[in-house]
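> this is a predicted model, with the sequence first.
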Amino acid sequence: MEKIKKFLFINTSTKQTVIKNTFWLFFGEIIGRILKLVIVVFSTRKLGVEGWGLFSYAMAFISLFFILGDFGINTFITKEMSKDNNNKHKYLATSIIIRLFMIAVFCSTALLLAPNLGKIKLGFGIVFIFTLFFVSESLREIAMSINRSLEKMEVEGFSKILINLSITVFGLILLINNVDPISLAMAYMIGSIISTIYIVWSIRKELKGIEWKFSKENWKVIYQFSWPIVIMSFFGFLFSLDTIMLGQMKSAVDVGLYTMAQRLISVFSIIPGFIGASLFPILSRNENDNNKLGYIFEKIMTIILALGIPITIIGVFFSKEIILLIVGPAYIAGASVLGVLMISILASFPNIFLTNLIFSKNLQKIFITATISGVLLNILLNFWLIPKYGALGAAISTTIAELLIMVTNWKRLKKIIPFSVIPKLGKIALSNMVMLIIIIVLHLIGLNFIIITFIAIVTYILILNMLEESNFKEIYSLVKNH
C-alpha cells in the first residue's frame with residue numbers, strides 16, 4: 001500500500017512522474033468525461049436538436065470574445081516555472097496581472113456587444129451566464145498552468161472530476177425544473193466556479209510568494225514567447241468557428257447536429273491531451289536536447305497513433321449505431337457528421353502532442369503559417385460547403401483543415417528534431433487491418449455492434465501483444481516495476 005501511495009503522490013523519477021501524472025489526468029478525465037457524457041446525453045435528449053443547438057451556439061459565440069484572452073501566457077507560466085532554477089517565479093506576477101487585465105477587457109466587450117450580434121439573437125441572460133463561465137474558466141486555466149509546472153496532476157485530475165460532477169448534478173436539477181438552454185448554461189457556470197475555487201486554493205502557497213508588481217522588462221520576454229501562440233491557438237478554435245458559421249448560414253438545428261457529433265468526438269481527445277499535459281514540463285526541461293526530444297516523440301507518437309487509428313476505424317464504421325445508442329433517433333441525421341469527424345482524429349491526436357513539443361522548444365513562430373493556412377482553408381471551405389451540406393459540410397471543412405495543419409507541422413518539426421515514427425507503425429497497421437476484417441465479417445453475420453466492438457478491441461490488443469509491440473511493453477514494464 002505504501003508503494004502505491006508513493007508512486008501516485010510523490011515524484012521520484014522522470015519516468016515515474018510521467019506515468020503518475022498520466023494516471024491522474026487519465027483518471028480525472030475518464031471520470032469527468034463519463035459525468036459530462038451523462039449531462040450531454042440527458043440535455044441533448046431533453047432540449048431537442050434545436051434547443052441543444054442554441055445552447056452550443058451561445059457557448060461558441062461567447063467564447064469568440066475570449067479566444068485571445070490567454071495570449072499564450074498560461075503556456076509561458078508552465079514552461080518557465082517548470083525550470084529548476086531560482087528565477088522561476090520571476091515572470092509570474094507580470095503574467096498574472098496581464099491575464100487579469102485581458103479577462104476584464106474581454107468580459108466587458110462580451111457583455112456590451114454579444115446580445116446584439118449574430119443571426120441567432122441571444123438574450124442578455126444567457127450572454128451574462130456564459131461570460132461569467134468563461135471568466136471563471138480563464139482564472140481556472142491560470143491556476144492550472146501553475147499547478148502543471150509543479151507536476152502535481154492529481155490536483156488537476158480532481159478538479160476535472162469536481163467541475164464535471166458539479167455541472168452534471170446542477171444540470172440535471174435545473175433542466176428537470178426548467179427545460180431551457182439557460183438552465184444548462186447556469187449549471188456550467190456553477191461547476192466552473194466551484195472547480196476554480198478548489199484549484200486556486202491548492203496553489204495558495206505559490207501565490208503567497210509572489211511580489212505583485214508589473215515589470216515592462218518581463219512583459220517584453222513574455223510577449224516574445226506568447227504572441228505566436230495567439231495565432232496557433234486559432235487551431236483550437238476550429239470547432240467553435242464552424243459552430244458560429246453554421247449558426248450564421250444555416251440554423252440552430254444544424255448547429256445541434258454538428259456540436260452533438262463534436263461532443264462525442266471530444267471524449268476521445270483526452271488520450272493525447274493528458275499525455276501531452278503530463279509530458280510538457282519534461283519536454284520544457286529538455287528543450288535543448290533534440291536527441292532526447294526525438295526519442296520521446298517517437299515513443300509517444302507511436303502510442304498515440306496506435307490508440308487513434310482503431311478508434312477512427314470503429315467510429316467511422318459504427319457512426320449510425322453510436323448516434324442511436326447515445327443521443328437517440330432525433331439526431332440520426334448527424335451520423336454522417338460523426339463519421340467524418342471521426343476521421344479528424346487521425347489529425348487531432350498527433351496535433352495535440354506536436355503542439356506541446358513545439359511550445360516546449362519555443363518554436364511557435366516557425367509554425368504560425370501552418371495554423372493560419374489551416375484556419376483560412378477551413379473558413380473558405382465553410383463558405384462553400386455549409387450552404388450546400390450544412391453540418392456535414394462543416395465537418396468536412398474541419399477535417400481537411402486539421403489534416404493540413406498536422407502534416408505541415410510534422411514535416412517542419414522533422415527538420416529540427418530527429419525522429420522516425422512511420423517505419424515503427426508496421427505492427428500497429430497489421431493489427432488494425434486484422435481488426436477491420438473481423439469487424440466486417442462479424443457485421444455481415446449480424447452481431448450487435450457493441451459485441452463486435454468489444455471483440456475487435458480485444459483482438460487488436462492480443463495481436464499487438466503477440467507481435468510484441470515494444471512501446472506498450474515498455475510502459476507495462478515501467479508500471480510493473482514501480
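Arrived safely. In this text the structure is predicted, and so the values were computed from the model without any measurement.
> so where's the stretch 351-482 of the chain shaky on pLDDT?
By pLDDT under 70, the weakly predicted segments of the stretch 351-482 of the chain are 359-367, 468-482.
> what's the closest non-adjacent residue to Gly125?
Take Gly125 and drop its neighbours on the chain: the residue closest to it by C-beta to C-beta, 6 or more residues apart in numbering is Ile182, 5.7 Å away. C-beta: built from backbone N, CA, C; applies to glycine.
> please name every helix or strand in contact with whichever strand or helix holds that neighbour.
Per DSSP states H and E, Ile182 falls inside helix 181-202. Helix 181-202 sits against helix 14-63, helix 124-149, helix 153-177, with contacts defined as 3 or more C-beta pairs under 8 Å, 6 or more residues apart in numbering; DSSP states H and E.
> among the ones you listed, which comes closest to Ile428?
Comparing those against Ile428 with C-beta to C-beta, the closest turns out to be helix 14-63 (19.6 Å).
> what is the mean pLDDT for the closest one?
For helix 14-63, mean pLDDT rounds to 80.
> picking that back up, in the helix holding Ile182, what counts as buried?
Under the neighbour-count criterion of 16 or more other C-beta atoms under 10 Å, helix 181-202 has 181-200, 202 buried.
> would you list the helices and strands packed on helix 181-202 in TSV and tack on distance to Ile271 and mean neighbour count?
Output for the helices and strands packed on helix 181-202, formatted as TSV (distance: least, C-beta to C-beta, whole Å; neighbours: other C-beta atoms under 10 Å):
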stretch	distance to Ile271	mean neighbour count
helix 14-63	8	21
helix 124-149	18	22
helix 153-177	15	20
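> so which of these gets nearest Ile304?
Nearest of these (C-beta to C-beta): helix 14-63, 12.1 Å.
> Gly245: what's it in contact with?
Not quite, residue 245 is Met, not Gly. Ile379, Asn382, Phe383, Ile386, Ala394 (C-beta atoms under 8 Å, 6 or more residues apart in numbering).
> got the domain boundaries for the chain?
Following automatic domain parsing, one gets these domains for the chain: 2-420, 427-482.
> what's the most buried one of those?
Mean neighbour count, computed with mean count of other C-beta atoms under 10 Å, is highest for domain 2-420 among those, reaching a mean of 19.
> distance between that domain and the chain's centre?
Relative to its chain's centre, domain 2-420 lies at 4 Å (C-alpha atoms, centre = their mean, to the nearest Å).
> swap in stretch 427-435?
On C-alpha atoms, centre = their mean, the centre of stretch 427-435 falls 27 Å from the chain's centre.
> what residues does it touch?
302, 305-306, 309-310, 313, 456-457, 459-460, 463-464, 467, 469.
> which members of those are positioned in helices?
Thr302, Leu305, Ala306, Ile309, Pro310, Ile313, Ala456, Ile457, Thr459, Tyr460, Ile463, Leu464 (DSSP state H).
> for the fifth one, give me the pLDDT.
What the model reports as pLDDT for Pro310 is 92.
> ok, it touching Tyr460?
Yes. At 5.4 Å, Pro310 counts as touching Tyr460 under the criterion of C-beta atoms under 8 Å.
> if you skip the residues just before and after it, what's nearest to Ala370?
Thr408 is the one closest to Ala370 (C-beta to C-beta, 6+ apart), at 3.9 Å.
> tell me which element the one you found is part of?
Short version: Thr408 belongs to helix 391-414, going by DSSP H and E.
> please apply the same query to Glu321.
helix 319-326.
> out of the ones in helices among the contacts of stretch 427-435, who's nearest Val255?
Ile313 (27.9 Å).
> out of the contacts of stretch 427-435, which is nearest to Gly390?
Nearest to Gly390 among the contacts of stretch 427-435, with distances taken as C-beta to C-beta, is Ile313, at 25.8 Å.
> against Tyr460, how distant is that closest one?
With distances taken as C-beta to C-beta, to the nearest Å, Ile313 is found 9 Å from Tyr460.
> run through the residues that contact the closest residue to Leu403 other than its chain neighbours.
Among residues not flanking Leu403 along the chain, Ala347 sits closest, at 4.5 Å (C-beta to C-beta, 6+ apart). With contact set as C-beta under 8 Å, 6+ apart, Ala347 has these partners: Thr399, Glu402, Leu403, Ile405, Met406, Val407.
> out of these, what pair is the most spread apart?
Thr399 and Val407, at 12.6 Å, using C-beta to C-beta across the contacts of Ala347.
> where does pLDDT dip in the stretch 51-200 of the chain?
In the stretch 51-200 of the chain (pLDDT under 70), the answer is 67-90, 118, 149-152.
> could you check the angle the helix holding Ile182 makes with helix 14-63?
140 degrees (axes from the mean of the first three to the mean of the last three C-alpha atoms, to 10 degrees).
> ok, then the element right after helix 181-202?
Following helix 181-202 in sequence order, the next helix or strand is helix 204-208 (DSSP H and E).
> that older thread, make TSV out of the ones in helices among the contacts of stretch 427-435 and add distance to Ile416.
Output for the ones in helices among the contacts of stretch 427-435, formatted as TSV (distance: C-beta to C-beta, whole Å):
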residue	distance to Ile416
Thr302	19
Leu305	20
Ala306	24
Ile309	26
Pro310	30
Ile313	32
Ala456	38
Ile457	36
Thr459	38
Tyr460	33
Ile463	34
Leu464	31
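> which one of those residues sits closest to Cys107?
Distances from Cys107 to the ones in helices among the contacts of stretch 427-435, taken by C-beta to C-beta, are shortest for Leu305, at 39.9 Å.
> any idea of the pLDDT on that closest one?
The model's pLDDT for Leu305 equals 86.
> again, but for Lys216
Lys216 is given a pLDDT of 75.
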